[in-house]
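K.L.:
Coordinates for the following, if possible.
(one chain, ligands or ions: 1)
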Amino acid sequence: MNLPDDFIKKYQKLLGSDATEFLNSFSQPVEKGFRINPLKGDVLLHDTDLREPISYSDWGYYGKVNGKTIDHQSGGIYSQEPSAMLVGEITHPKPGQKVLDLCAAPGGKSTYLASFMNQEGILVSNEINRGRAKILAENLERFGTQNTVILNESPDRLEHVFGEYFDIIVVDAPCSGEGMFRKDPGAVQYWHRDYSLECARRQKEILKSAMKMLAPGGQIVYSTCTFAPEEDEQIIAWLLDNYPDLAMVELPKGSGMDSGRPEWANGNQELKKAIRLFPQHFRGEGHFMAKLSLDAQVISEKAKKRRKSQTRLEKEQQRLWNDFKQSFLSDHIEIKNVFAVGNILYSRNEEIDLSKLRYIKPGWELGAFKKNRFEPSLSLVLALKKDDIKNIVQISADEWKQYVHGDTIDLETNQAKNGWVAVCVDDTIVGPAKLVNGTLKNFYPKGLRMNVL
Ligand SMILES: C[S@@+](CC[C@H](N)C(=O)[O-])C[C@H]1O[C@@H](n2cnc3c(N)ncnc32)[C@H](O)[C@@H]1O
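P.N.:
Model prediction:
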């Protein structure tokens, strides 16, 4: 790889005798990884090789994922670079907490956090770029989350709604991306000597907003995929200087993980509690991460009053939803706090006022009210397990190819009642369909259909 001269000089000076190995690592192959999805329960995977688990992650494996497989399409697995998994792992939210992923697309960290949360509490996944926010929504839909709200906002606009609200905030910051040069060699062309300082200015602005949204006693995780001290230790040093109620949390260092470098910032020895991942020491791409907690006693402005925004269902909508639930969902399933925005039905664990914010999804999307009927969404079906659903139709792996292509499928046996069904390959739910006298009418969303050879 052609690295800029100034980049080489900078890291030769910073790393001394380790610089040669560091610079050589840029010509080594990229490490690939993926995670299995605990929200899907104990489903058997169809086309995934689980031979090489990643020791520090409950769900991670080394290896490459093919996007056109049953396991990927159904959300059973999620592709993520091994170093990035560690950010989710050190964040480790608990079920029931209020969690914000402030720079969330395409969703690697959000899906990791959701894995810990077990559909309880609330995960607000925000992405400032609208195109990327839509990809984030697709990834969370496939993953089957029930407790996410997907926003498309700038951090400063979120402050007004979420003052001192979150127990955990992840800032996986936009950065100079030096740690991803192997993965995306084209990114090298954007690098220049002052690039990291420009990124640092933006990172501080994002963190100022994040700090306003952190509840007393809350925790903030900051991460980047760059080696630049200006965006790593120097940002954490700035946070500690400007927010005296914040304290570093010691992060345990597994094999190949380096400590933060106090000497690359202001010498504050607390910075050693952070983690640096260098590809010449660790089996993954370059990363930096730190965790800080805010004093629980901090005396601060009261959390802003949050108005309820959920609107009740009209009588006819309530009737259609009840009929649908009765015919489709098992009796043990209870979906609480449902509300409609236009003709789309959602549910959300927490009542928050999103009326002033741009969102992609204000909650778990359950389906749409059409003329005289309720039509279930892919998000509803992919977030349920097989025994949550009364009406199931089994198809073969070959028929799955027809299903994701958008074709109508004629079934050989009569497996379910006419009406809405969840389509399954073995235990894996792949989407909704409507069964009419042995024929499956395809309701796999048009925008997601694909040709699998
Ligand atoms: C490192 S990426 C996030 C990756 C993501 N957390 C994941 O694990 O899949 C940083 C994100 O920050 C977003 N971003 C860019 N400028 C921003 C800003 N001023 N405020 C908040 N987010 C911003 C980018 O669009 C990008 O999606």
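K.L.:
in the stretch 201-350 of the chain, what residue is nearest the ligand?
P.N.:
Closest residue of the stretch 201-350 of the chain to the ligand, C-beta to the nearest ligand atom: Ile206 (4.9 Å). From N, CA and C alone the C-beta is placed, and that goes for glycine too.
K.L.:
Double-check Ser396 against Asp426; I have them as touching.
P.N.:
No: judged on C-beta atoms under 8 Å, Ser396 makes no contact with Asp426 at a distance of 9.5 Å.
K.L.:
So if I had to pick from the two, which one is more boxed in?
P.N.:
Asp426 (14 against 11; other C-beta atoms under 10 Å).
K.L.:
What is the burial count for the nearest residue to the more buried one once chain neighbours are set aside?
P.N.:
Distances taken as C-beta to C-beta, 6 or more residues apart in numbering place Leu44 nearest to Asp426, at 6.1 Å, with adjacent residues excluded. By other C-beta under 10 Å, the residues close to Leu44 number 11.
K.L.:
Is it correct that Leu44 falls within a helix?
P.N.:
No: applying DSSP: H, G, I helix; E, B strand; the rest coil, one finds Leu44 to be coil, outside a helix.
K.L.:
who are the neighbours in contact with it?
P.N.:
Going by C-beta atoms under 8 Å, 6 or more residues apart in numbering, Leu44 touches 426-428.
K.L.:
Flag the least confident of the residues you listed.
P.N.:
Of all those, Asp427 has the smallest pLDDT value, namely 89.
K.L.:
can you tell me how far it sits from the ligand?
P.N.:
From Asp427 across to the ligand, the span is 28 Å (C-beta to the nearest ligand atom, to the nearest Å).
K.L.:
since we're on that residue, how many residues are nearby?
P.N.:
Neighbours of Asp427 using other C-beta under 10 Å come to 18.
K.L.:
That one contacts Ile70, doesn't it?
P.N.:
No: checked against C-beta under 8 Å, the pair Asp427 and Ile70 is beyond contact range at 10.9 Å.
K.L.:
Pick the one among the contacts of Leu44 closest to Asn266.
P.N.:
The nearest member of the contacts of Leu44 to Asn266, counting by C-beta to C-beta, is Thr428 at 51.8 Å.
K.L.:
Can you show me the helices along the stretch 151-300 of the chain?
P.N.:
155-158, 195-213, 233-242 (DSSP state H, counting those that start in this stretch).
K.L.:
now those helices in JSON lines, with mean pLDDT and mean neighbour count?
P.N.:
Formatted as JSON lines, the helices of the stretch 151-300 of the chain follow (pLDDT from 0 to 100; neighbours: other C-beta atoms under 10 Å):
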{"stretch": "helix 155-158", "mean pLDDT": "98", "mean neighbour count": "18"}
{"stretch": "helix 195-213", "mean pLDDT": "98", "mean neighbour count": "19"}
{"stretch": "helix 233-242", "mean pLDDT": "98", "mean neighbour count": "20"}
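K.L.:
need these in CSV with distance to Pro252, can you?
P.N.:
CSV is the format used below for those (distance: least, C-beta to C-beta, whole Å):
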stretch, distance to Pro252
helix 155-158, 29
helix 195-213, 24
helix 233-242, 17
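K.L.:
Out of those, which gets nearest to Ser17?
P.N.:
Using C-beta to C-beta, these put helix 233-242 closest to Ser17, at 20.1 Å.
K.L.:
How about the nearest residue in space to Trp59 that is not next to it in sequence: which residues does it bridge to?
P.N.:
In space, and not counting its chain neighbours, Trp59 is closest to Arg35: 4.2 Å by C-beta to C-beta, 6+ apart. On the basis of DSSP bridges, Arg35 is bridged to Gly60, Tyr78.
K.L.:
Tell me the pLDDT of Arg35.
P.N.:
98.
K.L.:
which ones are touching it?
P.N.:
57, 59-61, 77-78, 80, 85, 111-112, 115.
K.L.:
helices or strands up against the helix or strand containing Asn322?
P.N.:
Assigned by DSSP states H and E, Asn322 belongs to helix 315-328. With contacts defined as 3 or more C-beta pairs under 8 Å, 6 or more residues apart in numbering; DSSP states H and E, the secondary structure elements packing on helix 315-328 are strand 364-370, strand 373-376, strand 419-425.
K.L.:
Please save the CA atoms from stretch 262-277 in PDB.
P.N.:
Provided in PDB are the C-alpha atoms of stretch 262-277 (Å, rounded to 0.1, in the frame of the first residue of the first chain):
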ATOM      1  CA  PRO A 262      -0.400   8.800  28.200                       C
ATOM      2  CA  GLU A 263       2.800  10.200  26.700                       C
ATOM      3  CA  TRP A 264       0.900  10.800  23.400                       C
ATOM      4  CA  ALA A 265      -1.400  13.300  25.200                       C
ATOM      5  CA  ASN A 266      -0.800  15.200  28.400                       C
ATOM      6  CA  GLY A 267       0.800  12.500  30.400                       C
ATOM      7  CA  ASN A 268      -2.300  11.600  32.500                       C
ATOM      8  CA  GLN A 269      -1.600   8.000  33.600                       C
ATOM      9  CA  GLU A 270      -5.400   7.300  33.600                       C
ATOM     10  CA  LEU A 271      -5.200   7.100  29.800                       C
ATOM     11  CA  LYS A 272      -3.500   3.700  30.200                       C
ATOM     12  CA  LYS A 273      -7.000   2.300  31.100                       C
ATOM     13  CA  ALA A 274      -8.000   2.700  27.400                       C
ATOM     14  CA  ILE A 275      -7.300   0.000  24.800                       C
ATOM     15  CA  ARG A 276      -5.400   0.400  21.600                       C
ATOM     16  CA  LEU A 277      -5.400  -2.300  19.000                       C
END
